[in-house]
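>>> prediction below, plus the sequence it came from.
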Amino acid sequence: MPSRNHLDKIGRKKKKKWTEEAMEHALIEVKSGRCTVRKAAKEFGVPKSSLGDRVSGRVTPGSRSGPAQLIPSSDEKLLVEFSLYMSKHGFPLTKQQLVSFASSIYKRQHRRVAFSKLGQTWWLNFRKRQEKNISIQPADSVVRGRTVHVRKEALDHFFHLLSSVVQAHALGDKPHHIWNCNEMGFQMARKRAVLPKAASLGYKSTPGSKDYISVLACLNAAGTDIPPFIVYSKAYPGGVCYKTQGPSDALYGWSDSGFVTSELFKKWFLRHFLVHAPKERPLLLVFDGHKSPVNLEVVEVARKDGIILVCLPPHCSHILQPLDTGLFPLIKQRFAALLNEMHATDATLFAVSKKDFSGVFRGAYQVAKEDEGIRIVQESFRKCGICPVSHFPFNEAHLMSSHSVDPEAEGPLSTSAQHVVGGLTAPGL
């Protein structure tokens, strides 16, 4: 893998000493008949062979020298716009994420190619080409155990971002327009015991678990829900009873781990959220997306359709995620109570098959449509400071100083024109 210094050394050797403007003037003089190729090249300080290629038509005037770009300039420009949009809305991209998105564009253009050619060389050249538009900043290596430590700076920037978005789009008195989605997991152990467990989007499953089922729920600050998205691990249950017994209008999918992947999140957003969400725009969707279920197509569609995506800061979902703090514990209690009723005489508590899960979950999820559940959801949005927006003070035990974190080598992308911490910015939203 070539290093940055190696590429810089090559670039210094091959750097051209003439400008396109000088080449254009020389070309005009030759085509007008006032100069020969040799004389124009000497007068304007451009290579005679390069000028001759343009005069003969072998090279198109204004074209870049060297091998062709793997991604056209127009698509690269869109990629930069995408990364800046993500940074401004709380999703600062890492190097790996941006290269992954660029690879998706490359594969879309070269459908017969089995793998992308984009690697370290492309990344370093991309950074050099776009150094005026993006900058690389170190990311904070936050201590695990999120229930103990939360960065105050991250909270400050999040509420500054959220307040700016709500004010800019006049959403302060529109709770039906402010949504929160989150993933709740059910880990199935070897004895088929189903244990409710909260999980953020894209989180990895616990090693050694036999099966896993996750549910992506989405509700707004008024307590209205989007039908849940149930994701099974490895494969769907046999037959179709899991659909007929499940919640009304629920969406179903599967992944190897049982968690929501980037493709599944795209399926949910395009085929489910946009279908069931109110038609009035704009809408604000807040969620914990730092495990990156979001992809380029989701963001493109969201921007065109008037959906504003805002990401919660890392390790803060337990105090900022309305569904985590209110509805999910209630659903877990109802789920456990239903299983206890089903197996009151069975020594193996919480035993439920993969096929029957949706039926049991339907009974537990019904609480979200009852007055108690709606009231808890509304109160959770208020307590988390999401609707109405309120930067409430946190206990010092949950905060840690910014001096206790260490920077990583490759940080998230952000705008170079602004001083951005963690990619959270308010201007230009």
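On my side now, so go ahead.
>>> please save the CA atoms from the one helix or strand Leu309 maps to in CSV.
In this assignment (DSSP states H and E), Leu309 forms part of strand 307-311. Extracted C-alpha coordinates of strand 307-311, given in CSV (Å, rounded to 0.1, in the frame of the first residue of the first chain):
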residue,chain,number,x,y,z
ILE,A,307,-36.8,14.4,5.4
ILE,A,308,-34.2,15.9,7.8
LEU,A,309,-31.9,13.2,9.2
VAL,A,310,-30.3,14.1,12.5
CYS,A,311,-27.9,11.8,14.4
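>>> following that strand, which helix or strand shows up next?
That would be, after strand 307-311 and using DSSP H and E, helix 317-320.
>>> other SSEs contacting the next helix-or-strand element following that following helix?
Counting by DSSP H and E, the next helix or strand C-terminal to helix 317-320 is helix 322. Under the contact definition 3 or more Cβ pairs under 8 Å, 6 or more residues apart in numbering; DSSP states H and E, helix 322 sits against helix 371-383. Every residue, glycine included, has its C-beta placed from N, CA and C.
>>> measure the spatially most central residue of the chain to Ala154 for me?
Nearest residue to the geometric centre of the chain (Cα atoms, centre = their mean): Val294, 3.3 Å. As judged by Cβ to Cβ, to the nearest Å, Val294 and Ala154 stand 19 Å apart.
>>> confidence score at Lys14?
Note on Lys14: pLDDT of 56.
>>> for Gly428, same thing?
35.
>>> do Lys369 as well
pLDDT, read off for Lys369, is 94.
>>> quick check: it touching Pro228?
No: using Cβ atoms under 8 Å, Lys369 is not in contact with Pro228; the gap is 11.5 Å.
>>> with neighbour numbers in mind, choose between those two.
Pro228 (27 against 13; other Cβ atoms under 10 Å).
>>> please report phi then psi for the more buried one.
Per-residue torsions, Pro228: phi -70, psi 160 (degrees, to the nearest 10).
>>> that one and Leu219: what is the separation?
Distance, Pro228 to Leu219, by Cβ to Cβ: 10 Å.
>>> which elements pack onto the strand holding Leu309?
Here strand 307-311 touches helix 152-168, strand 283-287, helix 296-305, going by 3+ Cβ pairs under 8 Å, 6+ apart.
>>> swap the cut-off to 10 Å and go again
helix 73-88, helix 152-168, strand 178-188, strand 283-287, helix 296-305 (3 or more Cβ pairs under 10 Å, 6 or more residues apart in numbering; DSSP states H and E).
>>> could you tell me the angle between it and strand 283-287?
For strand 307-311 against strand 283-287, the angle by axes from the mean of the first three to the mean of the last three Cα atoms, to 10 degrees is 20 degrees.
>>> got the angle between strand 307-311 and helix 152-168?
Using the same axes, to 10 degrees: strand 307-311 against helix 152-168 is 170 degrees.
>>> tell me the strands beside strand 307-311, with direction?
Applying DSSP bridges to the sheet, strand 307-311 is found paired with strand 283-287 (parallel).
>>> now do the partner strand, average pLDDT.
95.
>>> same thing with stretch 222-239?
For stretch 222-239, the mean pLDDT works out to 94.
>>> how about it: buried residues?
Along stretch 222-239, these residues count as buried under the neighbour rule (16 or more other Cβ atoms under 10 Å): 222-233, 237.
>>> can you redo these as a markdown table with distance to Lys128 and secondary structure?
A markdown table is the format used below for the buried residues of stretch 222-239 (distance: Cβ to Cβ, whole Å; DSSP: H, G, I helix; E, B strand; the rest coil):
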| residue | distance to Lys128 | secondary structure |
| --- | --- | --- |
| Ala222 | 49 | coil |
| Gly223 | 51 | coil |
| Thr224 | 48 | coil |
| Asp225 | 48 | strand |
| Ile226 | 43 | strand |
| Pro227 | 47 | strand |
| Pro228 | 46 | strand |
| Phe229 | 41 | strand |
| Ile230 | 46 | strand |
| Val231 | 41 | strand |
| Tyr232 | 45 | strand |
| Ser233 | 43 | strand |
| Pro237 | 51 | coil |
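>>> ok, so of those, who is nearest Met184?
Of all the buried residues of stretch 222-239, Pro228 has the smallest distance to Met184: 9.0 Å, by Cβ to Cβ.
>>> wait, what's in contact with that closest one?
184, 215-219, 246-252, 268, 272, 331, 358, 361-362, 365, 368 (Cβ atoms under 10 Å, 6 or more residues apart in numbering).
>>> got any residues that touch both of Pro228 and Leu219?
Joint contacts of Pro228 and Leu219 (Cβ under 10 Å, 6+ apart) are Ala368.
>>> list the contacts for the residue found closest to Gly172 once you drop the neighbours it is linked to in the chain?
Nearest non-adjacent residue to Gly172, counting by Cβ to Cβ, 6 or more residues apart in numbering: Val166, 5.5 Å away. By Cβ under 10 Å, 6+ apart, the contact list for Val166 reads Gly172, Asp173, Lys174, His177, Ile178, Leu284, Ile308, Val310, Ile386, Cys387, Pro388, Val389.
>>> what ranges in the stretch 1-150 of the chain fall below the confidence cut-off?
Where the stretch 1-150 of the chain drops to pLDDT under 70, the residues are 1-16, 62-68, 110-117, 138-150.
>>> all strands of it, in order?
For the stretch 1-150 of the chain, strands defined by DSSP state E, counting those that start in this stretch occupy the ranges 134-136, 140-141, 150-151.
>>> so Ser103 sits against Gly119, correct?
Yes: Ser103 is in contact with Gly119 according to Cβ atoms under 10 Å; the separation is 9.4 Å.
>>> residues shared between the contacts of these two?
With Cβ under 10 Å, 6+ apart as the test, Ser103 and Gly119 both reach Leu70.
>>> between those two, tell me which one has more neighbours.
Neighbour count, other Cβ under 10 Å: between Ser103 and Gly119, Ser103 has more, with 18 against 13.
>>> so what's Asp225 bridging to?
Leu219.
>>> which ones are touching it?
By Cβ under 10 Å, 6+ apart, the contact set of Asp225 is 179, 217-219, 247, 276, 327, 365, 368-369, 373-374, 377.
>>> again, only using 8 Å
Neighbouring residues of Asp225 by Cβ atoms under 8 Å, 6 or more residues apart in numbering: Ala217, Cys218, Leu219, Ala368, Lys369.
>>> the third one: neighbouring residues, count only.
It refers to Leu219. Leu219 has 25 neighbouring residues, counting by other Cβ under 10 Å.
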